[in-house]
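[1] Turn this into a structure:
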Amino acid sequence: MRILFLGDVMGRAGRAAITTHLKRLREEWRLDFVVINGENATTGAGLSGDHAKLLLEAGADCITLGDHAFDQKDMLQFIEKEPRVLRPINFAKGAPGKGARVFDAPGGRKILVAQVLGQVFMKRPFDDPFGGIEHVLKTYPMGGLVNASLVDIHCEATSEKMAMGHWCDGRASIVVGTHTHVPTADAQILPGGTAFQSDAGMCGDYLSVIGMEKAEPMRRFVTGMVKGRFTPASDEATLSGLYVETDDRTGKASRISMVRQGGRLEQVGP
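    The predicted model follows:
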C-alpha cells in the first residue's frame, strides 16, 4: 500500500499547500491512502468543520487532530458525524469522536489509523499513551484484521516519540510524530518493519516561528511580554510529510521517504 502522511496544516497557507499539491501527488505517486494532521488548519488553532471538508475534498482520506482538537467549537458536533476525522485516543474522557478507526483502501484492503497524545512537556497530564496504543494494536493486528496501520504520536518531546516508535515496532506499519512543526531528518524503517519519523513537520510557511508570523513570538522571547495574538504566517507554504510503502500481507514497511513540496524547503519525495 502506498501511504502519504502530511504534518500539521498551519492556517490559510497550509490549507493552500494541500489544495495546490495533494491531488497532483495522489495521481503522480499513485497513492492508496492519505492522512493529514489538521489541528492547526483554522487560524492556527484547531480545525473548523468547513476547513475539514476542504481538506477531505482536496484528497485526504483521514484527518487527525491533537491537543487543539476542539479549539474550534463546531468540531464538537462535526466530529460526531464525520468518521474521517479522529481526535487522540487519550483525550479527555467523554470527548466526542473516536481516536482510532479502520478505513477501507483500494482493492478491498483495510488500514487502521490512530492518534495518541504524549505526556512529556504537554500542558495537561493526558492518559498513558503507551497503554492506549497497546490496546488498539492488539485489537487490530497487522496481517490479520488490517493490511496496514498508522499511528500519529502528537507530542513535544522527541524522546517520547522515539520511544513510541520502538514500542510499536513490528506491530504498526508507520509511527510518525506531529505537534512541533519542525521536520526531523530521522526517517527510517525500524528493525521490526515499522516506518518511523520523529516529526513530519508542518504544511505551512517556514519563514516563520513554527508557522506563526515572527514578530509576536520574537517579542515574547526577547521581552517576556505579550502585545498581540499569534497570527499564522501567510507566504507560500511547504507541504511536509512522510511517504511509506507497505507489504499488504505483513503490513510492514518496505520503503520510506521524507516529503517536501512547494515553498522554501528542498523539494523531495519518493
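[2] May I have the distance across stretch 263-270, first residue to last?
    Separation of the first and last residues of stretch 263-270 by CA to CA, to the nearest Å is 18 Å.
[3] can you give me the strands in this structure?
    Here the chain has its strands, by DSSP state E, at 2-6, 8-9, 33-37, 62-64, 85-86, 100-105, 109-117, 148-154, 174-178, 188-189, 195-197, 202-203, 239-246, 253-261.
[4] and residue 131, which of the ones you listed is closest to it?
    Proximity to residue 131 (CB to CB) singles out strand 109-117 among the strands of the chain, at 9.8 Å. (Each C-beta comes from the backbone N, C-alpha and C, glycine too.)
[5] In space, not sequence, find me the middle residue of this protein.
    Residue closest to the mean C-alpha point of the chain, counted by CA atoms, centre = their mean, is residue 37 at 3.4 Å.
[6] thought that one was touching residue 177?
    No: using CB atoms under 8 Å, residue 37 makes no contact with residue 177, being 9.8 Å away.
[7] Determine the residues that are contacts of both of those two.
    Contact criterion CB atoms under 8 Å, 6 or more residues apart in numbering; residues shared by residue 37 and residue 177: 152, 154, 200.
[8] Select the longest helix from this protein.
    Using DSSP state H to define each element, the chain has its longest helix at helix 11-28.
[9] What are the buried residues along it?
    Neighbour-count burial for helix 11-28, with 16 or more other CB atoms under 10 Å as criterion, is recorded at 11, 12, 13, 14, 15, 16, 17, 18, 21, 22, 25, 26.
[10] just to revisit the earlier point, got the strands of the chain as a markdown table, with mean pLDDT and distance to residue 163 columns?
    Output for the strands of the chain, formatted as a markdown table (pLDDT from 0 to 100; distance: least, CB to CB, whole Å):
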| stretch | mean pLDDT | distance to residue 163 |
| --- | --- | --- |
| strand 2-6 | 98 | 19 |
| strand 8-9 | 96 | 21 |
| strand 33-37 | 98 | 20 |
| strand 62-64 | 98 | 19 |
| strand 85-86 | 98 | 22 |
| strand 100-105 | 98 | 19 |
| strand 109-117 | 97 | 12 |
| strand 148-154 | 98 | 9 |
| strand 174-178 | 98 | 10 |
| strand 188-189 | 98 | 15 |
| strand 195-197 | 98 | 11 |
| strand 202-203 | 96 | 22 |
| strand 239-246 | 97 | 18 |
| strand 253-261 | 97 | 19 |
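[11] Return the most buried member of those.
    strand 202-203 (a mean of 34; mean count of other CB atoms under 10 Å).
[12] elements contacting it?
    strand 8-9, helix 11-28, strand 239-246 (3 or more CB pairs under 8 Å, 6 or more residues apart in numbering; DSSP states H and E).
[13] Mind listing residues that contact the second one?
    It refers to helix 11-28. If you take CB under 8 Å, 6+ apart as the criterion, helix 11-28 is touched by 4, 6, 8-9, 31, 34, 36, 40-44, 51, 54-55, 58-60, 202-205, 211, 232-239, 261-263, 269.
[14] and those, which are buried?
    When neighbours are counted using 16+ other CB under 10 Å, those contain these buried positions: 4, 6, 8-9, 31, 34, 36, 40-44, 51, 54-55, 58-60, 202-205, 211, 232-233, 237-239, 261-263.
[15] that older thread, need the buried residues of helix 11-28 in CSV (columns: pLDDT and distance to residue 161).
    Shown next, in CSV, are the buried residues of helix 11-28 (pLDDT from 0 to 100; distance: CB to CB, whole Å):
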residue, pLDDT, distance to residue 161
11, 95, 24
12, 96, 28
13, 96, 25
14, 96, 21
15, 97, 25
16, 96, 28
17, 95, 23
18, 97, 23
21, 94, 25
22, 96, 25
25, 96, 25
26, 97, 27
